[in-house]
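Visitor: next comes the sequence, and after it the predicted model I'd like to discuss.
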Amino acid sequence: MTHALLIDTDTLQKNLGQPGLVILDVRGRATYEFGGHIPGAVHSTWHEYSDPHAVPKGLLDPDSGRLEQRIRALGISQDSEVVIYSNPFDNWGDEGRMFWMLEYFGHTRLRILDGGWVKWVQEKRPFEHGPVTPKPGTFTISPVASAIAGKDELKRLVKQPHPNTVIVDARSLEEYLGKEVSGIPRPGHIPSAIHLAWTGFLHADATVKDLQTISETLADKGLTQDQEVICYCTGGVRSAWVYVVLKLAGYRNITSDYPKAMRFLREVDAGAVLVNASTRLNDGYQFGLGAEIGISTSRIHARGPMGLEELTCFKFIVMGSGQIRE
């Protein structure tokens with residue numbers, strides 16, 4: 001696919017060494033250093049930007065100064081052209097997570113290498129080993145609030161009809177149906193959320209499928225470009241890849257009160273009711289034998305998706321007979 005948010009392998013190779021170009025490898029450290037990487041590429045993963053004091057990983061570090069230091073150490077400045085790549089078949093959409101994170105931090109010149117390391121190697125393009133230490137950049141974080149959805153917004157959505165906003169669950173179908181529990185304390189999904197697995201948008205050579213195919217897939221799920229879309233998973237990695245796919249497909253929510261089409265869930269301890277096949281829902285959200293499922297929070301983080309697994313996604317409060325338990 002040809003798109004402003006993507007760069008092909010041939011174009012990247014022709015521009016290797018250009019001033020202002022930062023190539024960001026988001027694979028594992030050992031794979032990067034000893035398995036080879038694109039010449040000049042620096043290394044970083046989303047884990048490095050997680051709150052060091054939080055048990056769940058993936059929740060963004062609330063210390064903006066520390067985050068800026070990490071990003072500047074990669075040689076990134078406000079005007080840098082950043083190209084992100086990974087092995088798309090060996091992660092959960094890590095390049096999407098890094099793209100979303102840097103966009104949330106206010107960077108505007110971001111692209112993803114179409115085909116990533118898979119296509120680069122298949123085409124026998126040049127590579128090198130060992131770490132790269134660039135001249136530090138000067139990037140300053142300026143958070144884009146519209147890139148994240150907060151708990152209060154989600155609470156309002158799930159309590160009433162929201163035809164202009166779609167909640168998208170990017171996890172596996174098994175997780176969505178509550179048949180598999182991965183990184184969350186209770187199986188199921190947010191009420192009214194539709195399922196759109198993060199997989200299935202790539203060709204065998206790891207390049208992104210054509211726009212028509214992607215658009216048809218989204219349309220089959222009932223998604224339209226005039227809707228606001230809120231993506232979620234458990235750790236903000238798979239949902240971040242869906243975020244990128246939606247942007248590629250032209251989703252901007254231009255008729256909404258919100259300036260962005262996609263928003264991420266924001267907090268570790270607060271959340272929404274998850275439902276599965278055994279859940280009976282009505283206006284009071286009934287679960288099992290008359291227990292009311294509530295939405296509550298004890299701690300709110302200003303930045304980052306919620307999650308567990310790689311992080312904690314939601315907290316579930318089940319209230320019955322006056323008792324509250326997590």
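Guide: Good, I have the coordinates. Residues are numbered from 1 along each chain as shown.
Visitor: in stretch 149-168, what counts as buried?
Guide: Going by neighbour count (16 or more other C-beta atoms under 10 Å), the buried part of stretch 149-168 is 149-151, 153-155, 157-158, 165-168. No exception for glycine: its C-beta is placed from N, CA and C like everyone else's.
Visitor: quick one: which helix or strand includes the residue nearest the centre of the chain?
Guide: Nearest to the mean C-alpha position of the chain, by C-alpha atoms, centre = their mean, lies Ala240 at 1.8 Å. Here Ala240, judged by DSSP states H and E, is contained in helix 238-248.
Visitor: contacts for that helix next, please.
Guide: Outside of helix 238-248, the residues within contact range by C-beta atoms under 8 Å, 6 or more residues apart in numbering are 1, 3, 5-6, 92-93, 95-97, 99-101, 112, 168, 170-171, 196, 198, 201, 208, 211, 214, 218, 223, 229, 231-233, 261-262, 264, 305.
Visitor: of these, buried ones?
Guide: The buried subset of the contacts of helix 238-248 (16+ other C-beta under 10 Å) comprises 1, 6, 92-93, 95-97, 99-101, 112, 168, 170-171, 196, 198, 201, 208, 214, 218, 223, 229, 231-233, 261-262, 264, 305.
Visitor: average model confidence for the helix holding Ala240?
Guide: In this model, helix 238-248 carries a mean pLDDT of 92.
Visitor: dump that helix to PDB, restricted to CA.
Guide: Taking only C-alpha atoms (Å, rounded to 0.1, in the frame of the first residue of the first chain), the coordinates of helix 238-248 have been written out as PDB:
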ATOM      1  CA  ARG A 238      -2.800  -4.700  19.800                       C
ATOM      2  CA  SER A 239      -5.200  -1.900  19.900                       C
ATOM      3  CA  ALA A 240      -2.500   0.500  18.900                       C
ATOM      4  CA  TRP A 241      -1.900  -1.500  15.700                       C
ATOM      5  CA  VAL A 242      -5.700  -1.300  15.000                       C
ATOM      6  CA  TYR A 243      -5.400   2.500  15.600                       C
ATOM      7  CA  VAL A 244      -2.800   2.600  12.900                       C
ATOM      8  CA  VAL A 245      -4.900   0.500  10.500                       C
ATOM      9  CA  LEU A 246      -7.900   2.800  11.000                       C
ATOM     10  CA  LYS A 247      -5.700   5.800  10.300                       C
ATOM     11  CA  LEU A 248      -4.500   4.200   7.100                       C
END
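Visitor: so how far is it from its chain's centroid?
Guide: On the basis of C-alpha atoms, centre = their mean, to the nearest Å, helix 238-248 is displaced by 7 Å from the centre of the chain it belongs to.
Visitor: for stretch 58-66, same thing?
Guide: 16 Å.
Visitor: now the helices for the stretch 101-250 of the chain?
Guide: 116-122, 151-158, 173-177, 211-220, 238-248 (DSSP state H, counting those that start in this stretch).
Visitor: of those, which stretch is the most buried?
Guide: helix 238-248 (a mean of 26; mean count of other C-beta atoms under 10 Å).
Visitor: just checking, Lys179 touches Gly188?
Guide: No: the criterion here is C-beta atoms under 8 Å, and Lys179 misses it with Gly188 at 9.7 Å.
Visitor: which one of the two has more residues nearby?
Guide: Gly188 (24 against 13; other C-beta atoms under 10 Å).
Visitor: what's the least confident stretch among the helices of the stretch 101-250 of the chain?
Guide: helix 151-158 (a mean of 76).
Visitor: show me what it is packed up against.
Guide: With contacts taken as 3 or more C-beta pairs under 8 Å, 6 or more residues apart in numbering; DSSP states H and E, helix 151-158 sits against strand 165-169, strand 262-265.
Visitor: direction included, what does the longest one pair against?
Guide: Okay, so that is strand 165-169. Partner strands and pairing direction for strand 165-169 (DSSP bridges) are strand 194-195 (parallel), strand 228-232 (parallel).
Visitor: what about it, average pLDDT?
Guide: For strand 165-169, the mean confidence score works out to 89.
Visitor: how about residues contacting it?
Guide: 154, 157-158, 175-176, 189-190, 192-196, 221-223, 227-233, 239, 242, 256.
Visitor: tell me the angle that strand makes with helix 151-158.
Guide: For strand 165-169 against helix 151-158, the angle by axes from the mean of the first three to the mean of the last three C-alpha atoms, to 10 degrees is 100 degrees.
Visitor: stretch 66-81: how far from the chain's middle?
Guide: Distance, centroid of stretch 66-81 to centroid of chain: 20 Å (C-alpha atoms, centre = their mean).
Visitor: so for it, what gets flagged as buried?
Guide: 67-68, 71-77, 80-81.
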